[in-house]
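>>> The following comprises the amino acid sequence and a computationally predicted model.
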Amino acid sequence: MRKLLLIFMVIISVVIIGLIAQLLNNESPNAPKAIAGVIDLRQYDLHNNTVSLDGEWDFVPNKLLNYSELDTHPSYLVNVPSLWSRYKLDDQNFTTFGSGTYRLKILINPTDTILGIKTGNIRMSNAIYINEKRIGQSGEPAEDTTYIQQNVPYVAYFSPEKGELELIIHVANFDYASGGGIIGSIFIGDQESIGKLRESSLFYDLITIAAFFTMFIYFAGSYLYAKLEIEQLYFSLFCFMVGLYSISHGEKILMSIIPISYEFLIRIQIISSISSGIFMLLYFYHALKQFSHKKFVKALCIIGILLLATVMLPISISSYLQTVHSIYILLIIFYMLYIQTIAIFKRLVGAIYLWLSSMAIFIYMVVATLNLNINLEIYSLPPLLPFICLTMLSLYISHRFTDSYLEKGRLTNALMRVDKLKDEFLAKTSHEFRTPLHGVLAISQSMLEPQESSTLTMEQKEKLSLIFNITEKLSHLVNDILDFSKLKEGELKLRLTNVDLYSVTHVIVEILSYIGNKDVKIYNYIERGTFIVADEDRLRQILYNIIENAVKYTRHGKVEISCYEEQGSLAIEVSDTGRGIAPEHLESIFEPFRQLEDASKGAGLGLNVTKELVELHGGEITVHSIVGRGTTFCVKLPVESIIKGQQDKQQQNKITLTKDYLPIAFPYFAERKMGKKILIADDDHINLKVLIDILAKENYSIIAVDDSRQVFEQLILHPDIDLLILDIMMPNLSGYEVCQQIRSNYSSAELPILMLTAAIRPEDFLAAFQSGANDFLHKPLDTAELKTRVRNLILLKESAETAIKMETAFLQAQIKPHFIYNVLNSILSLSYLDLDKARIMITDFATFLRSSFSFENTNSLIPLEQELTLIQAYVNIHQTRYPDQLAWDIQMEEPLNILIPPLLLQPLVENALFHGLKNKRVNGKVTMTIKNDQQMIDIKIKDNGSGMTQELVEKILSEEPSVHKSVGIRNISKRLKKYENATFHIESVVDEGTTVKLKFPLFLDEER
């Protein structure tokens, strides 16, 4: 591959050298030449053709003479075009500064056609005469420094009066150090051909200028917009300087656009020439940084800056450095070719474009240098080279841009996949965090209650409070992340309905009154019966975020909530007297992950989610704030129908909404024989219908009402109601208010209350519990979860009723009352945290009670299986209450179909569990071994508890009634004694544990 590249580059170089050689030998063999001051064009057709007047001219040095004076002064034959500093006059070179008269006799065929002459580079001023008539000039030549310099190409037309033309040109130069004279060819032709030559020269210049200035604007704008790649800036500046160079050279179009002095034009030429080299160098340095030499580039830049500084010198001095300028540019080009060649061999993508562009600009600069030094006309070189350079550089940049675009596309796709995975991870993780966070909140809150916290130290209370606050913030973050993810994915759909705005705001005020700052008063000025079409749950979330935010940032003062109609919208305002928000933060507070305080206040998603939800409703949210005086948030929602009025309008609206779903009057009754009775209160008829259908299939008797005030009426009419299902968002009285009033007459065991809420904030659940609810259920309802929670609460009530009715059985089984209450409390706590465990514990507890209170306990013998069931239920209860603190193991060779005395093993296991849990050094472990030993049953119950002294063991087994705690063990010992060969032993070691061994005769089940 490298050989192919080398061959390609050699071929290109050969072509370039050949092109330069051809340009150096650009004379046409048929072109007429001036000889001895005469050029004969009589054999040459000037119609639609131009002829250069190159050749031998007569030259009179240091004199500006007219036709009649020429013969009186000696003249010399000189070559035109050429610098006059190269003329040999009397074996001496003519000076660089001076003046002179050029003369050429032109022989043409007589014609009436208007002819024209086009000048090129005549340094530094000139005037042209045809047959003693001045036809054109640039500047004002003179024989001394009083001349006016201006070297601008022009076209002059004249009418030939005869076939012999005397062409006289006055030239003066007293400023340009390299010399004056006719440096560029002069052309003659008819008017049309000379006009075309002028137009073609202008066209080439204009195209070059337009191309480079266009690229300057494009790449400068691209850099200023993104500011990503500094090489774009340097390339744009390079294009600008090349464009400036082109507009100040050639036809010098700049002079016709802006009226500036020629001296200033020369300074522009110097600046554009040097600067284009510097910016080209910097562009390639940054584009090929890995191949560049920083110190060398820095040195070249310093030299360039020094050369730029010479522009402040007089032209007569700075022009001496013209050759230095050309060498400097060529040095830069050679260096660029060097690093580009390295880049090509290193297989840098697009490096060949850079190399070709440098070769093009190299040829251009070589030809320009030759034009200035050996009279090669720049327009003899096709103007393709600047475009080749520009095209190659543009292709390289486009190539890089395309690669960058494709790479960014790949990275974007990868980032989108990662972002999607991130969103999925956040959503799933947030869902998983919900339950444990709510559990931590519930437990920490319960421990902070007065009845629980009385045994805690102040430091412990502070730490618990810190745990609660941190968990609460995490719960907020989880909820915001879930909503943010749904909004981002467009998965959040609105369920529009007529919403009671007063009820929504009242519930929020109720919640914040429990958990908010007690020094802040919240005033709700929204009228009862104000309805708006919105998604009830999301409207509540919007207002909760805003009101909570107002309370949070108001230490003392008040928060006011109001609403009013404005141009087809309902405006809801929340004003506070807090610290206010600085003007520069007003716009940013709605951006995601923006907040006014440190990160401990949250992730900054709440207000962003609020804004998105408002806009999802087709509304807008604005904020006005004065620092130190307070803030006002205004939510404007479009009003499709606002209903103001009291309950009659509200009921009329409800009938219209739900007639197709539930065309019946309330209260609604669905009786079931022997079924538990449930009262349901919800103002959403669709939700009522769902609840009725689900629970009716479970054989429950249903009473349904859609007005919170009817709950009290039904409780009076039906005192046997087993469960109340209550929606929080109810007109007139909220679910919190109803619950509080019920708890003034009914305890949580006498009438369990299950609250329904669409909220997912811990504050809502906390407010529900503090108002007296037993449990809560989140909307939309999950059928299985609803059935389980209803069943658990009814079982809880049944368990409490059973405990009351079986007081006699408690005494018989020697069950301590506080055990029952502890189990009930555990069931209640678990119902908030883990429904499945709560249900299992209720089942085990019911099994335990049923077995303990069974009247079969008075029988002499019961199946071993029945006793083991009782024990297992008891063990399960303890393991649930003390997870990972108790190990239970029962070892039995095979299922034994035998009979044993009732309540023989359960008290022993209970005692062993007590000692196992009492051990503070290790987790408790109880092992029961049952063996069939030759018509005898051998049972051993072992624990690793704290153990007992031998003296205490003897006391327990004694007949002393004073040791009341050992009644159960003494009872077992006494009952076993009536069986033949039965034994009962206790072995105990302090800090190691206790083993109870008993043996009694085998009784088969059929013997009962």
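Sure thing, it's come through.
>>> domains for the chain, by residue range?
Here the domain parsing of the chain from automatic domain parsing is 38-200, 210-406, 498-638, 660-795, 828-1007.
>>> okay, the ones you listed in TSV with distance to residue 467 and mean neighbour count next?
Any C-beta I mention is one placed from the backbone N, CA and C, and that applies to glycine too. As requested, the domains of the chain are exported to TSV (distance: least, Cβ to Cβ, whole Å; neighbours: other Cβ atoms under 10 Å):
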stretch	distance to residue 467	mean neighbour count
domain 38-200	88	18
domain 210-406	47	18
domain 498-638	15	18
domain 660-795	13	19
domain 828-1007	16	17
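>>> between those, which one is nearest to residue 436?
Distance to residue 436, taken as Cβ to Cβ, is lowest for domain 828-1007 among the domains of the chain, at 8.6 Å.
>>> Can you tell me the closest non-neighbouring residue to residue 240?
residue 216 (4.1 Å; Cβ to Cβ, 6 or more residues apart in numbering).
>>> what is the rounded mean pLDDT of the helix or strand that contains that neighbour?
If you go by DSSP states H and E, residue 216 is part of helix 191-226. For helix 191-226, mean pLDDT is 88.
>>> How far off centre is the helix or strand following that helix?
The element immediately downstream of helix 191-226 (helix or strand, assigned by DSSP H and E) is helix 230-248. For helix 230-248, the separation from the chain centroid amounts to 37 Å (computed by Cα atoms, centre = their mean, to the nearest Å).
>>> could you check the angle helix 191-226 makes with helix 230-248?
Here helix 230-248 runs at an angle of 160 degrees relative to helix 191-226 (axes from the mean of the first three to the mean of the last three Cα atoms, to 10 degrees).
>>> for helix 230-248, packing partners?
Counting contacts by 3 or more Cβ pairs under 8 Å, 6 or more residues apart in numbering; DSSP states H and E, helix 230-248 packs against helix 191-226, helix 253-257, helix 262-287, helix 384-448.
>>> what's the nearest residue to residue 98 if we skip its chain neighbours?
Residue 98's closest residue in space is residue 62 (Cβ to Cβ, 6+ apart), at 5.4 Å.
>>> residues touching that neighbour, list them.
98-100, 143 (Cβ atoms under 8 Å, 6 or more residues apart in numbering).
>>> and of the domains of the chain, who's closest to residue 464?
When those are compared by Cβ to Cβ, domain 660-795 sits nearest residue 464, at 14.5 Å.
>>> Tell me how far that closest one lies from the chain's centre.
Distance, centroid of domain 660-795 to centroid of chain: 43 Å (Cα atoms, centre = their mean).
>>> Just to be sure, residue 995 is in a strand?
Yes - the assignment for residue 995 is a strand, going by DSSP: H, G, I helix; E, B strand; the rest coil.
>>> ok, it to residue 874 distance?
Distance from residue 995 to residue 874, counting by Cβ to Cβ, to the nearest Å: 19 Å.
>>> one step back: kindly reformat the domains of the chain as CSV containing distance to residue 464.
As requested, the domains of the chain are exported to CSV (distance: least, Cβ to Cβ, whole Å):
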stretch, distance to residue 464
domain 38-200, 92
domain 210-406, 53
domain 498-638, 15
domain 660-795, 14
domain 828-1007, 16
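>>> Can you say which of the ones you listed is nearest to residue 457?
domain 828-1007 (19.7 Å).
>>> The nearest residue in space to residue 106 that is not next to it in sequence: what's it in contact with?
Distances taken as Cβ to Cβ, 6+ apart place residue 165 nearest to residue 106, at 4.1 Å, with adjacent residues excluded. Contacts for residue 165 (Cβ under 8 Å, 6+ apart) come out as 105-108, 130-131.
>>> Check the gap between residue 165 and residue 137 for me.
Taking Cβ to Cβ, one finds residue 165 at 18 Å from residue 137.
>>> ok so, going back, lowest average confidence across the domains of the chain, which one?
When these are compared on mean pLDDT, domain 828-1007 scores lowest, with a mean of 75.
>>> returning to that earlier point: list the helices and strands the helix holding residue 216 packs on?
By 3+ Cβ pairs under 8 Å, 6+ apart, helix 191-226 packs against strand 50-52, strand 115-118, strand 155-158, strand 187-190, helix 230-248, helix 253-257, helix 384-448.
>>> mind putting those in JSON lines, distance to residue 969 included?
Shown next, in JSON lines, are those (distance: least, Cβ to Cβ, whole Å):
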{"stretch": "strand 50-52", "distance to residue 969": "135"}
{"stretch": "strand 115-118", "distance to residue 969": "133"}
{"stretch": "strand 155-158", "distance to residue 969": "133"}
{"stretch": "strand 187-190", "distance to residue 969": "134"}
{"stretch": "helix 230-248", "distance to residue 969": "91"}
{"stretch": "helix 253-257", "distance to residue 969": "118"}
{"stretch": "helix 384-448", "distance to residue 969": "35"}
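>>> of all those, which lies closest to residue 710?
Once the helices and strands packed on helix 191-226 are compared by Cβ to Cβ, helix 384-448 is nearest, at 30.6 Å.
>>> Show me what that closest one is packed up against.
Using 3+ Cβ pairs under 8 Å, 6+ apart: helix 384-448 touches helix 191-226, helix 230-248, helix 351-374, helix 458-489, helix 762-770, helix 817-833.
>>> Downstream of the fourth one, the next helix or strand is which one?
So the one you mean is helix 458-489. Following helix 458-489 toward the C-terminus (DSSP H and E): strand 496-500.
>>> Can you show me the CA trace of that next one as CSV?
The C-alpha trace of strand 496-500 is given here as CSV (Å, rounded to 0.1, in the frame of the first residue of the first chain):
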residue,chain,number,x,y,z
LEU,A,496,-60.0,13.2,32.2
THR,A,497,-63.1,13.6,34.4
ASN,A,498,-64.9,16.4,36.3
VAL,A,499,-62.8,16.9,39.4
ASP,A,500,-63.9,18.7,42.6
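>>> Switch the contacts of residue 165 over to CSV; also include distance to residue 321.
As requested, the contacts of residue 165 are exported to CSV (distance: Cβ to Cβ, whole Å):
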residue, distance to residue 321
105, 39
106, 38
107, 43
108, 43
130, 38
131, 42
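>>> Wasn't residue 703 part of a strand?
Yes - judged by three-state DSSP, residue 703 forms part of a strand.
>>> Quick check: it touching residue 720?
No - contact status for residue 703 versus residue 720: not in contact, 10.9 Å apart, counting by Cβ atoms under 8 Å.
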